[in-house]
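Peer 1: okay, here's the prediction I keep looking at, along with the sequence it came from:
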Amino acid sequence: MIEALHYLRKAIIDRLSGSIVLNSQNVPVYNRVPSDATEPFIKVYSLQNEEIEFNRDTYILDCITRIDVVTSFDGDSGGELDANQIVSQVLTLVRTRENDNVTNEINDLINSIRARSTYNENIQETENILRECSTVTTNGYFDLSANGLNVYTSVLMNTTYFEEDAEDKTYFRAIIELSNKIAQQNVTTTSIPENPYIPTTQSTSQGQEQTVALNHRFIFGVDSSISTTEHYYYPLFATQTEANYFDSQNGGTGTSHTHTFVDDPSSSTWYMPTNGGTHSATSPPSGSEYTEITSYAYIDTDGDGILNAVDTDDDGDGQTDANETLYGSDPLDSSSTYADLDGDGIADSSDNDRDGDGYDNSVDAFPDDASQWQAITSSFEGAILEFTTTSANQQVKIGTRTYGVSGGNTPNYVVDWGDGNSDTITSLTTPTHTYTNSGSYDVQISGTFTRFRFGAGLSTTERDALTDVKQWGNLTLETMEDAFKSCDGLSSLTATDTPTIASGGKLKNAFAYSNVVTIPNLGSWDVAHISDFSNAFIDSVYPLDTATYDSLLIGWASQNLQNNVSLNMGGSQYSSGAAATARETIRTTYNWTITDGGQV
């Protein structure tokens, strides 16, 4: 059951991919939006699941899934209509309902025709009702069931719309929230149907009778060619000789036919006698679920009493069949497993935190040892930025202040460009460098450097070349206003230390409209002396993720903050518990006005 959200999300992504079209172009569908994604696009992610019914045989879960539709447009071109078109297509493809409910709805409409129609009634009225029937039948409720999960209803809870004016365009975002009711068997043991066949006998040459042991398996279920209520059970034999003999012992002429099953790992050919199967309207095979069980389903690879058909770990190695298939190991071989150091079900090859200590591998000096963590550091004490160029002889710039000096902070710093070249800067200028070859370069800044200002004076290409801040270092920044505004290439910050912002500094527009969603240790930033946070982290397409926003709230609530501050977090959401409490503390104790996407 823990995988219900995963499979449901995959079913929705599969349903939408290649099926949503805008202006004759397919709209891409993501689970994790890549840094180079362009609008329009759709993002599908899970929120939570809640067990709403449980008994010995089944679970029923309520799984909450969100589908984000993101579009952008210039000025007042009416781009919100694009979002509405996409939303309409999405809803048509993700609603599902149990077949009986659809049938009932159609029957209700037919009854409505009978009740409302008369011989002389306007034909148009009847046509309208018939169109309603057609809509339910052809466009109504798709089946999202998969991987043993029965998705029997998908209900639209709400659709929320956001519009935000950015520096170069306007974004329109529609959030569709679905409640999916999911049922799945909770089978701990599975009974094998009783063998209705008694051992047969044959005479020996001495005239004595002896028992003939016939080894066979069963398939059983409903034979719809005869009845939808009567059950059948037929034996399957490993050899034609046995099957023919069994047929002759049950009134046949000693004939049989073959069966193979796509989910039989042995790829065996099974032989079914022409005679010998029985039907019964009242006594189907004892202890079964009365649905067809193939030869594979009859196997219990790990001998735990749970047949493979309903066992989520067929070989008993502690790794689910679904994950083993996903990560390339054999779900029927207990000696074949994928590497999973922390046992979280995610293969080490795909796990951003292999040892499960809460620190990303990229910033963990001991990524395979949960008992140790140390930030990856260097002897260099200044700031480290990463620039990435995509073509030969591409020019990059470090956005900084180009006017006014206060407090004697005349620029005097060294820039090591990471390709063997360096510059010493002693004036108000924009450091510029051309890289001969494309690639990623770590740029080190040391000395008297007082301000990052990529958000003004640089072109889009120059801003987007900045792809990471790896270390804040020992620089003292006068302010962070406009520091990384509109830096779309800045999808991640890996610096685990914190910047030093001088008294009177601002965070206004610091990361506004950039692609940054994660800022390590943001809650540890010293912001007690800062009073201007205007649009510091605002972005409707790339809001800070919940973990980062939680860190901000919890960490900042412990500081002696300035009063009467406005903080607009755009669509960022916070968790219940400590983060929600911290948010309320900031809001009531310091009279902050906080705008965000609400609680997850």
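Peer 2: That came through, no problem. Numbers count the residues shown, from 1 in each chain.

Peer 1: in the stretch 451-600 of the chain, which spans are helices?
Peer 2: 460-464, 546-557, 578-589 (DSSP state H, counting those that start in this stretch).

Peer 1: could you give me the average pLDDT of the first one?
Peer 2: Taken as a whole, helix 460-464 has an average pLDDT of 93.

Peer 1: that helix: which residues count as buried?
Peer 2: For helix 460-464, burial by neighbour count (16 or more other C-beta atoms under 10 Å) applies to E462, R463, D464. The C-beta positions use only the backbone N, C-alpha and C, and glycine is treated the same way.

Peer 1: what is the nearest of those to E584?
Peer 2: Distance to E584, by C-beta to C-beta, is smallest for R463 among the buried residues of helix 460-464, at 36.3 Å.

Peer 1: what stretches of the stretch 251-400 of the chain score poorly on pLDDT?
Peer 2: Low-confidence segments of the stretch 251-400 of the chain, defined by pLDDT under 70: 261-267, 277-300, 305-310, 363, 371-378.

Peer 1: before we move on, the earlier item: for the helices of the stretch 451-600 of the chain, which one sits closest to G358?
Peer 2: Smallest distance to G358 across those (C-beta to C-beta): 9.9 Å, for helix 546-557.

Peer 1: which elements pack onto that closest one?
Peer 2: Here helix 546-557 touches helix 578-589, going by 3 or more C-beta pairs under 8 Å, 6 or more residues apart in numbering; DSSP states H and E.

Peer 1: closest to D74 out of the helices of the stretch 451-600 of the chain?
Peer 2: Ranking the helices of the stretch 451-600 of the chain by proximity to D74 (C-beta to C-beta) places helix 460-464 first, at 14.4 Å.

Peer 1: who touches the closest one?
Peer 2: D168, Q395, V396, K397, G399, F454, G455, S486, C487, D488, G489 (C-beta atoms under 8 Å, 6 or more residues apart in numbering).

Peer 1: contact partners for the third one?
Peer 2: When you say that, I think you mean V396. So V396 contacts F387, T389, T432, H433, T434, Y435, E462, A465, L466 (C-beta under 8 Å, 6+ apart).

Peer 1: let me see the contact set for F511.
Peer 2: Per C-beta under 8 Å, 6+ apart, neighbours of F511: A483, F484, K485, C487, L490, I519, A536, F537, D539.

Peer 1: can you redo those as CSV with neighbour count?
Peer 2: Putting those into CSV (neighbours: other C-beta atoms under 10 Å) gives the following:
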residue, neighbour count
A483, 27
F484, 25
K485, 24
C487, 27
L490, 24
I519, 23
A536, 24
F537, 28
D539, 24
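
Peer 1: how near is T461 to A370?
Peer 2: For T461, the distance to A370 (C-beta to C-beta, to the nearest Å) stands at 42 Å.

Peer 1: check I538 too.
Peer 2: For I538, the distance to A370 - C-beta to C-beta - is 36 Å.

Peer 1: these two: which is more packed in?
Peer 2: I538 (24 against 17; other C-beta atoms under 10 Å).

Peer 1: so what's the residue count around the closest residue in space to the more buried one that isn't next to it in sequence?
Peer 2: Sequence neighbours aside, G570 is the residue nearest to I538 in space, at 4.2 Å (criterion: C-beta to C-beta, 6 or more residues apart in numbering). By other C-beta under 10 Å, the residues close to G570 number 21.

Peer 1: how close does G570 get to K169?
Peer 2: 15 Å.

Peer 1: before we move on, the earlier item: ok, of the buried residues of helix 460-464, which one's closest to I530?
Peer 2: Of all the buried residues of helix 460-464, I530 sits closest to R463, with 23.6 Å by C-beta to C-beta.

Peer 1: which one is the closest one nearest to, not counting chain neighbours?
Peer 2: Using C-beta to C-beta, 6+ apart, the closest residue to R463 is C487 (4.9 Å).

Peer 1: list the contacts for that neighbour?
Peer 2: Contacts of C487 (C-beta under 8 Å, 6+ apart): F454, G455, R463, D464, L466, F511, S514, N515, V516.

Peer 1: CSV for the residues you listed, including distance to D596?
Peer 2: Putting the contacts of C487 into CSV (distance: C-beta to C-beta, whole Å) gives the following:
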residue, distance to D596
F454, 25
G455, 22
R463, 26
D464, 27
L466, 26
F511, 15
S514, 17
N515, 18
V516, 16
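
Peer 1: farthest-separated two in those residues?
Peer 2: D464 and F511 (14.4 Å).

Peer 1: how about stretch 506-520, which residues are buried there?
Peer 2: 506-517, 519-520.

Peer 1: burial of the nearest residue in space to D313 that is not next to it in sequence, as a residue count?
Peer 2: Leaving out its chain neighbours, the residue that sits closest to D313 by C-beta to C-beta, 6+ apart is T320, at 5.6 Å. By other C-beta under 10 Å, the residues close to T320 number 17.

Peer 1: ok, T320 touching I346?
Peer 2: No - judged on C-beta atoms under 8 Å, T320 makes no contact with I346 at a distance of 11.5 Å.

Peer 1: my guess is A582 contacts Q559. True?
Peer 2: No - using C-beta under 8 Å, A582 makes no contact with Q559, being 10.8 Å away.

Peer 1: more crowded one of the two?
Peer 2: Neighbours per residue (other C-beta under 10 Å) separate A582 from Q559, with A582 holding more: 21 against 17.

Peer 1: what separates that one from H529, distance-wise?
Peer 2: Applying C-beta to C-beta, the value for A582 to H529 is 19 Å.

Peer 1: also T467?
Peer 2: Counting by C-beta to C-beta, the separation of T467 from H529 is 30 Å.

Peer 1: so which of these two has more stuff around it?
Peer 2: Neighbour totals were compared for T467 and H529, and T467 leads with 20 against 14 (other C-beta under 10 Å).

Peer 1: grab the nearest non-local neighbour of the more buried one.
Peer 2: Once flanking residues are discounted, T467 sits nearest to T388: 4.4 Å by C-beta to C-beta, 6+ apart.

Peer 1: which residues touch the one you found?
Peer 2: For T388, the contacting residues are G439, S440, Y441, A465, T467, G489, by C-beta under 8 Å, 6+ apart.

Peer 1: give me the buried entries from the contacts of helix 460-464.
Peer 2: Buried by 16+ other C-beta under 10 Å: V396, K397, G399, F454, G455, S486, C487, D488, G489, out of the contacts of helix 460-464.

Peer 1: with respect to F41, which of the buried residues of stretch 506-520 is nearest?
Peer 2: Nearest to F41 among those, with distances taken as C-beta to C-beta, is N515, at 13.3 Å.

Peer 1: pLDDT wise, what is the closest one at?
Peer 2: Confidence score, pLDDT, at N515: 90.

Peer 1: begin at 22, not 1, for the rest of this chat.
Peer 2: In the new numbering, first residue 22, that becomes N536.

Peer 1: how close does it sit to R484?
Peer 2: To R484, N536 is 11 Å away according to C-beta to C-beta.

Peer 1: before we move on, what about S45?
Peer 2: 32 Å.

Peer 1: again, but for D351
Peer 2: 48 Å.

Peer 1: what do you get for I85?
Peer 2: Per C-beta to C-beta, I85 is found 36 Å from R484.

Peer 1: next: F267.
Peer 2: In terms of C-beta to C-beta, F267 sits 78 Å off from R484.

Peer 1: likewise Y534?
Peer 2: 10 Å.
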